[in-house]
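In: predicted model and sequence follow; I will ask about them next.
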Amino acid sequence: MEETPRVELPDWARELVTLYESGAVSQFILYGNVNDRLVIRGTPKPQLGSLFDFLLTELLPRFDVVLSYDLGSGVRVRKGGELFSQWPSGANEGQLPKSPRAAVELLTHYFRYVANLSSLSQQPRLNVATFVREAHLLAPCLPYTGDYDLNSIASLLRDWAADDLLTAHPLATFLVTENLNDLHPLIVNNPRAARIKIALPSVAGLRAAFEQMAPSYPLALAQFRDDLTEPTQQLAGATISSIESLLKTKEYKKEALERDDLVTLKKELVEKDANGLIEFIESERTLDDIHAQAKVVSWLRQDVELWRRNDLQALPMGYLLCGPVGTGKTFMVECLAGEAGVPVVKLKNFRDRWVGSSEGNLEKIFRLLHALGRCFVFVDEADQALGKRDSGSGDSGVSGRLYSMLAEEMSDTRQRGKIIWVLASSRPDLIEVDLKRPGRIDVKIPIFPTTTQREGFDLIRALGKRRGLELTEDDFAALQQSIPSLLTAGAAEALAVKVYRHVRTTGIGAGEALRTCLDDYQSPVAPDIMTSQIRLAVREASDLEFVPEVFRKI
């Protein structure tokens, strides 16, 4: 491999070159954003191409024979066909095998053939490289079943990096898979193979891609003809392939990419790339919309100000929002996101019934989060979503592996101030203690129901006002004794909707409608459950100033 001075290689490619040229390893497991387009600058005219095109052009120009394999096309000779045909078994390239085991055995046989010839000095040393697409389809990560063919394939692929005869020869092998967790552990855990992560394109990488695409899409990029900075920064987190597809569609429709549409387009592109594993929460609310909770609002405002000043070391790694059902945990996340002006990514159900698929989904989510730069990651019902350290044998250990992956990611201090985790749960006691420790979750915020009739009335009045309902102080004086204690935001919302309905259907005033609704009111949460969940929230609070005096006695 060679790295010419005129080529600006991405970081992962530089790492690969260093490992190979130093003789440290010869097998590379390429994972991550492996199906995206890449900028290839080693040609007379820079262009976009696939990962294989990038390797062939940028890293393998001195290799004599380059082979590839995938289930659909079988073994193919991409470079050095004449040299390959000198091997007796490779004389008829059209008859090369497609089935996994036969193909891997043939490639292994060829590697040993050229290595033996070289060691006997019967011919010049041939530099040989092999590119295996979707390696997880050849050697998937499955529970041990005694499958002879599967284990034989994994063993042979591992031997490409471990056999002394092969490692002494100029041989480079590339195993490509989107997620490490999809690949057989015998291969992934091989200490003599390097795992190279191909991240989603950085801002600099997107800028280079836009420069290559701009001449082909003059209408789509008309508003950014003189400066590509804005679309480059706004679309960070999307793949080059998805952006190129968007530009093709815009160009065909003769529509220009609008500045005001960039945020919405990014959301659509990223959600599409993530295959429904995440969802962006859009919010126009701010912390001004939070009723009461003055101490909490003050703390969050300080964090947002530190974020804006780029003083990241003072920011928490994560928050835990806990409190009874219906107290507005999700609402607080929306307000925090609107105040900070950054994306909020909500994790959807990434668990899958297929072995290894859940872990692969989580890998994909992590890659996306890193590419977004700054974001909040919202995990609702965290006690159910995050898994357990010891999940028993009921799910083949999936929950335990997911727990370990999440715990490792949440404690990565390199992401402090970039990725802030926000967990929400009414049962924080069911979340593993290690997952809630400082360094993963630094601030635990309890959210409580109202503590007085005054607070309850003000909450109902604020929610009613959004619907055009006017409740007065006279209404409060008349209804004070009827206002329920421990009123949650969800219950108050339901009351406000009911009051609005009465006003619209009967024509009575808002105060009278509220009286009617309160006469039949029943708390949606049983008193013993409410008390229990309040007690849990008090116990979890990281600072007692978040807890109203009335609840500190619990």
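Out: Arrived safely.

In: so where's the stretch 351-500 of the chain shaky on pLDDT?
Out: 352-356, 390-397 (pLDDT under 70).

In: the stretch 101-250 of the chain now?
Out: In the stretch 101-250 of the chain (pLDDT under 70), the answer is 122-123, 143-146.

In: would you map the helices across it?
Out: Under the criterion DSSP state H, counting those that start in this stretch, helices of the stretch 101-250 of the chain are mapped to 135-138, 148-162, 164-167, 185-188, 203-213, 229-234, 240-253.

In: for the stretch 351-500 of the chain, same thing?
Out: 357-372, 382-385, 398-410, 433-436, 453-465, 473-479, 489-506.

In: now mean neighbour count and distance to C335 too, for those helices, in a markdown table please.
Out: Using the backbone N, CA and C atoms, a C-beta is placed for each residue, glycine as well. Shown next, in a markdown table, are these (neighbours: other CB atoms under 10 Å; distance: least, CB to CB, whole Å):
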| stretch | mean neighbour count | distance to C335 |
| --- | --- | --- |
| helix 357-372 | 21 | 20 |
| helix 382-385 | 19 | 19 |
| helix 398-410 | 18 | 23 |
| helix 433-436 | 16 | 22 |
| helix 453-465 | 20 | 13 |
| helix 473-479 | 14 | 25 |
| helix 489-506 | 18 | 12 |
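
In: make a markdown table out of the helices of the stretch 101-250 of the chain and add mean neighbour count and distance to E493.
Out: Shown next, in a markdown table, are the helices of the stretch 101-250 of the chain (neighbours: other CB under 10 Å; distance: least, CB to CB, whole Å):
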| stretch | mean neighbour count | distance to E493 |
| --- | --- | --- |
| helix 135-138 | 23 | 47 |
| helix 148-162 | 19 | 54 |
| helix 164-167 | 15 | 66 |
| helix 185-188 | 20 | 49 |
| helix 203-213 | 19 | 40 |
| helix 229-234 | 17 | 34 |
| helix 240-253 | 17 | 37 |
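
In: indicate which one of these is closest to K553.
Out: K553 lies closest to helix 229-234 among the helices of the stretch 101-250 of the chain, at 50.5 Å (CB to CB).

In: with just CA atoms, put that closest one into CSV.
Out: Provided in CSV are the C-alpha atoms of helix 229-234 (Å, rounded to 0.1, in the frame of the first residue of the first chain):
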residue,chain,number,x,y,z
THR,A,229,-20.6,25.9,4.1
GLU,A,230,-24.3,26.1,5.1
PRO,A,231,-25.6,22.9,3.6
THR,A,232,-22.4,21.1,4.6
GLN,A,233,-22.9,22.0,8.3
GLN,A,234,-26.7,21.6,8.4
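
In: from the contact counts, what lies against that helix?
Out: helix 203-213, helix 262-273 (3 or more CB pairs under 8 Å, 6 or more residues apart in numbering; DSSP states H and E).

In: select, out of the ones you listed, the one closest to I40.
Out: Closest of these to I40 is helix 203-213, at 9.0 Å (criterion: CB to CB).

In: pretty sure L486 is touching T450, no?
Out: Yes: here L486 lies in contact with T450, judged by CB atoms under 8 Å, at a distance of 6.8 Å.

In: more neighbours: which of the two?
Out: Between L486 and T450, T450 has the larger neighbour count (other CB atoms under 10 Å), namely 25 against 18.
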